[in-house]
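S.K.: Give me the fold of what follows.
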Amino acid sequence: MSLSVEPFEQRGLSCVRLRHPGGATADVSLHGAHVLSWKPAPARERLYLSPNASHAPGSAIRGGIPVIFPQFAARGPLTKHGFARLLEWRFAGLRDATPFGESAVFELDDDEHTRSLWPHRFGARLHVALSADALQVGLEVINRDESPFAFTAALHTYLRVAKLAAVELCGLESTPYEDSARRSAPMPASGAPVRFEGELDRVYANAPRALGLRDGDATLHLDAEGFRDTVVWNPGATLAASMGDLGAGEHLRFVCVEAGTVVDPVTLAPGERWLGVQRLRE
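M.R.: Alright, predicted model coming up:
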């Protein structure tokens with residue numbers, strides 16, 4: 001195995017640090033199987049984690065890569081964004097036989113508590129693969145029930161930016177979108193890269209697989225597999241200031257580009273598996 005694993009604690013949470021021989025690291029909290037940090041090189045953080053994020057049991061962590069399952073946002077009867085990001089996952093260790101080759105695997109299975117919220121037997125697995133210049137995160141869902149079930153899911157990725165006014169997201173120019181900041185109004189394709197001027201909350205259905213986030217002279221490449229949609233979000237100044245786990249001015253430090261399947265749910269037959277992957281590459 002080329003990766004090494006170092007257990008540690010952060011703000012009272014059990015975490016593991018994945019370290020690549022080339023110097024890259026990724027930190028994952030067992031709370032929510034939440035990727036907190038990705039550094040392709042020492043001192044070069046590519047994810048945003050709010051300095052005001054809550055790390056209390058049962059709370060969602062603001063920033064990093066929250067795992068959204070089995071419900072995206074308020075599109076259903078469950079708590080917003082589902083329960084996966086609020087629960088403790090198990091670290092199953094490093095494995096070679098995964099869709100990504102070597103990866104760290106985190107596991108969440110149904111129990112009495114989850115079935116009281118969502119009455120299905122399931123297995124969820126988060127695969128985190130690290131190379132010298134890339135991070136791959138895969139969400140796998142297994143139906144262990146005796147009947148089909150449906151769900152929506154996303155990787156709610158917070159990407160650190162140097163100067164929000166100079167950021168452009170390329171690749172969605174020809175894709176219509178749903179404007180969630182304006183009561184889910186349907187909007188035509190813009191014909192231009194996405195710029196972040198004020199509150200922005202969009203769902204791009206059946207989005208292109210490959211995107212590029214330009215931040216000044218640097219470009220981060222993003223691509224997805226299995227996930228059909230892309231969600232793009234930044235709260236803007238007013239909303240950020242009203243959020244206790246974010247705060248005034250923090251919206252200038254990140255954008256969210258989320259690989260998701262949120263418009264049309266995934267339906268799994270008994271015994272069936274689904275896998276959605278987001279890759280970040282410098």
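S.K.: Flag the shaky bits of the stretch 1-150 of the chain, pLDDT-wise.
M.R.: 1, 97 (pLDDT under 70).
S.K.: one more time with 90, if that's ok
M.R.: Applying pLDDT under 90 to the stretch 1-150 of the chain flags the ranges 1-2, 11-12, 41-43, 55-59, 74-77, 79, 96-102.
S.K.: residue ranges of the strands in it, please?
M.R.: Applying DSSP state E, counting those that start in this stretch to the stretch 1-150 of the chain gives strands spanning 4-10, 13-19, 25-29, 34-39, 67-68, 90-95, 103-109, 122-130, 134-143, 149-155.
S.K.: who does the residue lying closest to residue 7 once chain neighbours are set aside bridge with?
M.R.: Using CB to CB, 6 or more residues apart in numbering and skipping residues adjacent in sequence, the residue nearest residue 7 is residue 16, 5.5 Å away. In short, each C-beta sits where N, CA and C put it, glycine included. Beta-bridge partners for residue 16, by DSSP bridges, are residue 7, residue 28.
S.K.: from memory residue 16 sits against residue 10, does it?
M.R.: No - the pair residue 16 and residue 10 fails to qualify as a contact (CB atoms under 8 Å) at a distance of 10.5 Å.
S.K.: what do those two both touch?
M.R.: By CB atoms under 8 Å, 6 or more residues apart in numbering, residue 16 and residue 10 have these common neighbours: residue 27.
S.K.: Now do the end-to-end distance for stretch 221-238.
M.R.: 29 Å (CA to CA, to the nearest Å).
S.K.: got the contact list for the closest residue in space to residue 24 that isn't next to it in sequence?
M.R.: Distances taken as CB to CB, 6+ apart place residue 40 nearest to residue 24, at 5.0 Å, with adjacent residues excluded. By CB under 8 Å, 6+ apart, residue 40 lies in contact with 24, 46, 132-135, 282.
S.K.: and those as JSON lines, adding distance to residue 58 and neighbour count?
M.R.: Formatted as JSON lines, the contacts of residue 40 follow (distance: CB to CB, whole Å; neighbours: other CB atoms under 10 Å):
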{"residue": "24", "distance to residue 58": "31", "neighbour count": "23"}
{"residue": "46", "distance to residue 58": "28", "neighbour count": "21"}
{"residue": "132", "distance to residue 58": "36", "neighbour count": "12"}
{"residue": "133", "distance to residue 58": "36", "neighbour count": "14"}
{"residue": "134", "distance to residue 58": "32", "neighbour count": "16"}
{"residue": "135", "distance to residue 58": "27", "neighbour count": "24"}
{"residue": "282", "distance to residue 58": "35", "neighbour count": "15"}
